[in-house]
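K.L.:
Give the three-dimensional model of this entry:
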Amino acid sequence: MSEEILSAIDSSVFGVWFLIGAALVFWMQAGFAMCEAGFTRAKNTGNIIMKNLMDFCIGTVVFILIGFGLLLGEDMMGIIGRPGFDIFTNYANFDWSNFVFNLVFCATTATIVSGSMAERTKFISYCVYSAVISAIIYPIEAHWTWGGGFLAQIGFHDFAGSTCIHMVGGISALIGAAFLGPRIGKLERNARGEVVKVNAFPGHNLTAAALGVFILWLGWYGFNGAACTTVEQLGSVFVTTTIAPALATVTCMIFTWLKYGKPDVSMCLNASLAGLVAITAPCDVTDAFGAIVIGIVAGLLVCFGVWFLDYKLHVDDPVGAVAVHCLNGIWGTLAVGLFATNAAPGYSIADATGNEMTGLFYGGGFKLLGIQFVGFAAVAAWTAVTITITFVAIKAILGLRVSEEEEITGLDATEHGLASAYSGFALMDISNTLNMSVNENTDLGVDEYDKATEFQKNASVPVVTGPVKSDSAIHKVVIVTKLSRYDKLRKAMNELGVTGMTVTQVMGCGVQKGSGQKYRGVEMDVTLLPKIKLEVVVSKIPVEDVIEAAKRTLYTGKIGDGKIFVYSIDNVVKIRTGEEGVLALADAE
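P.N.:
Take a look at the predicted model:
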């Protein structure tokens, strides 16, 4: 009788722990949000927070309707679970705990993709592919392992999701980032289109990124340990879940210190996550030695992965999600076949005939490693095909990437009407810097300078000859224009031979006015738009050439918001522009 009572108590305790673990996994959404926001630029923070919030909320909707049935419904030929609506028709007997637990894991898979596609993805497109991952892609492949599907039947082992969650999210992130292309300014190419330089975009808040890593590490104890059924097994999982990320981080610190001369902070944060991803599949079947080796490899693999994407594949991954989740998801999956040992508490890996299997380095031969490889390959193929179809469809119907101007301005303003996620801390008040309301009467009908007639050029950028003296030794040219024109203007000046310039972010508006912003449904006054002021001083280069290069670069065939000022020693000449060109020239002596 006492044994039955203890068994019932033990079952209840671990049932509660199961739900606590689910809550910890949900809390990881905050970690992902902080990491992604910290590793990217401030102008996109609100967009990133919104995406991580909607991952879970949209995921819940589609998981209720279809995902849960495909994952844990009655097995159909080892491929999918039978869709059902027991949550509506038989709620009294519904498996509530399993639903919540698998829901939070599902949301994690979708969230991984967000980081690699950050700063340039349309919000509506993000919502669509996040829903597809949560409704179809994740539930079906997870059924193969955790729902009694064909991988479970052959003995494939992924205790907490190195394959089912992290690799799937990482592959989706890689393909999504490749579809989008790099952020503006990330890669520099020569005339032949070859990449000659990869530029770094440092994250704007390493404090937030570090907080995100610690939140994720805490949540990972629930991620890996929630399914444990004994205290011994739970303790062992906690040990391996601690050792692997710690060794990965130390390894990364030493490697970056030796390679770059300084230990790299952001890379070490990624290494902690890489170690956690790698230990997720084997956490219950490996020992301390196995966790150490797994962690060391993960620390090196994340460094290699970030370098490989930047310099070989030229895929722009702002947060390093592919290196962390894809590469280390694969490594963790295969590590089961290398380090699985029956000395681990609760060890339960067996083949289709019930024979126990152990890892290659523990005398088990290649059998388990081969099964792990089959599982990895099957899930990778499924993910690659389905997410590619998803992205192709979205790109054709909705478009994946925002416009150049929206990307430069920032997705907070253009996608959400949010001036800044840090308005109260801004060095400049940019609370009213939103979209432009274009004056429909400014369009001249031709948007290419060389194709425009003289009349159109003069209508857009008329020039009145002013007293700019050619014998003046020095001229100062001040150009005020939209943020989106800065990169082209800078390159035009460089090509002309102007290498020294001062750039300042300023506020202003002209023919094109700022449009209204609403906060909690209340419209706020708007008058100013973000612009840049570029100043150059020239002496050997004719000032007329600078003016012409600026006009040509800024011209889009519209009249609007821009000004060019030219100063000389003997006189001051002001040149007023349209949206992208000169409108009037006046002597200001």
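
K.L.:
gap between the nearest residue to Glu495 once chain neighbours are set aside and Thr280?
P.N.:
The spatially closest residue to Glu495, leaving aside those adjacent along the chain, is Ala549, at 7.8 Å (Cβ to Cβ, 6 or more residues apart in numbering). (Glycine included, C-beta is placed from N, CA and C.) Computed with Cβ to Cβ, to the nearest Å, the distance linking Ala549 and Thr280 is 55 Å.

K.L.:
just Ile397 next, same as before
P.N.:
Taking Cβ to Cβ as the measure, Ile397 and Thr280 are separated by 35 Å.

K.L.:
Which one of these two is surrounded by more residues?
P.N.:
The neighbour comparison of Ile397 against Thr280 (other Cβ atoms under 10 Å) goes to Thr280, with 29 against 9.

K.L.:
Which phi and psi values does the more buried one adopt?
P.N.:
Recorded main-chain torsions at Thr280 are phi -60, psi -40, according to degrees, to the nearest 10.

K.L.:
any idea which element Ser114 lies in?
P.N.:
For Ser114, the enclosing helix or strand under DSSP states H and E is helix 96-116.

K.L.:
same for that helix, what does it pack against?
P.N.:
Using 3 or more Cβ pairs under 8 Å, 6 or more residues apart in numbering; DSSP states H and E as the contact definition, the elements that helix 96-116 packs against are helix 2-39, helix 45-62, helix 68-72, helix 123-132, helix 138-146, helix 168-180, helix 321.

K.L.:
Name all residues that make contact with Asn93.
P.N.:
Asp86 (Cβ atoms under 8 Å, 6 or more residues apart in numbering).

K.L.:
What pLDDT is listed against it?
P.N.:
What the model reports as pLDDT for Asn93 is 90.

K.L.:
quick one: average confidence on the helix holding Ser114?
P.N.:
For helix 96-116, the per-residue pLDDT averages 93.

K.L.:
and the longest strand for the protein?
P.N.:
With DSSP state E setting the assignment, residue counts place strand 529-538 as the longest strand in the chain.

K.L.:
Of the helices and strands packed on helix 96-116, which stretch is the most buried?
P.N.:
Between those, the one whose residues have the most neighbours on average, counting mean count of other Cβ atoms under 10 Å, is helix 321 (a mean of 33).

K.L.:
what is the mean pLDDT for it?
P.N.:
95.

K.L.:
helices or strands up against it?
P.N.:
For helix 321, the packing partners by 3+ Cβ pairs under 8 Å, 6+ apart come out as helix 96-116, helix 168-180.

K.L.:
could you point out which element follows the last one?
P.N.:
Along the chain past helix 168-180, the next helix or strand (assigned with DSSP H and E) turns out to be strand 187-189.

K.L.:
What strands line up against that next one, and which way round?
P.N.:
strand 195-198 (antiparallel) (DSSP bridges).

K.L.:
contacts for the strand it pairs with?
P.N.:
By Cβ under 8 Å, 6+ apart, the list of residues contacting strand 195-198 from outside reads 186-190, 310-311, 314.

K.L.:
Apart from its chain neighbours, what residue comes closest to the residue nearest in space to the middle of the chain?
P.N.:
With the centre of the chain defined as its mean C-alpha position, the nearest residue by Cα atoms, centre = their mean is Gly115, 1.7 Å away. Distances taken as Cβ to Cβ, 6+ apart put Val319 closest to Gly115, at 3.5 Å, once the chain neighbours are dropped.

K.L.:
how deep is that neighbour tucked in, by neighbour count?
P.N.:
30.

K.L.:
Check Leu234 too.
P.N.:
Around Leu234 sit 22 other residues, with neighbours defined as other Cβ under 10 Å.

K.L.:
Distance of it relative to Gly359?
P.N.:
Taken as Cβ to Cβ, the spacing of Leu234 relative to Gly359 amounts to 21 Å.

K.L.:
Could you list the low-pLDDT ranges of this protein?
P.N.:
By pLDDT under 70, the weakly predicted segments of the chain are 1-10, 424-445, 454-473, 509-529, 559-561, 569-589.

K.L.:
mind running it again at 50?
P.N.:
Residues of the chain that meet the criterion pLDDT under 50 lie in 1, 427-441, 464-466, 519-523, 526, 571-589.

K.L.:
if we can go back for a sec, can you show me the CA trace of the helix holding Ser114 as PDB?
P.N.:
The C-alpha trace of helix 96-116 is given here as PDB (Å, rounded to 0.1, in the frame of the first residue of the first chain):
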ATOM      1  CA  TRP A  96      -4.700  19.400 -21.300                       C
ATOM      2  CA  SER A  97      -1.100  19.100 -20.100                       C
ATOM      3  CA  ASN A  98       0.200  17.600 -23.300                       C
ATOM      4  CA  PHE A  99      -1.500  20.300 -25.300                       C
ATOM      5  CA  VAL A 100       0.200  23.200 -23.400                       C
ATOM      6  CA  PHE A 101       3.500  21.400 -23.300                       C
ATOM      7  CA  ASN A 102       3.700  20.800 -27.000                       C
ATOM      8  CA  LEU A 103       2.200  24.200 -27.800                       C
ATOM      9  CA  VAL A 104       5.100  26.100 -26.200                       C
ATOM     10  CA  PHE A 105       7.600  23.900 -28.000                       C
ATOM     11  CA  CYS A 106       5.900  24.600 -31.300                       C
ATOM     12  CA  ALA A 107       6.100  28.400 -30.700                       C
ATOM     13  CA  THR A 108       9.800  28.000 -30.100                       C
ATOM     14  CA  THR A 109      10.400  26.500 -33.500                       C
ATOM     15  CA  ALA A 110       8.700  29.500 -35.300                       C
ATOM     16  CA  THR A 111      10.600  32.000 -33.100                       C
ATOM     17  CA  ILE A 112      14.000  30.800 -34.200                       C
ATOM     18  CA  VAL A 113      13.300  31.900 -37.800                       C
ATOM     19  CA  SER A 114      12.700  35.500 -36.700                       C
ATOM     20  CA  GLY A 115      16.300  36.400 -35.900                       C
ATOM     21  CA  SER A 116      17.800  35.400 -39.300                       C
END
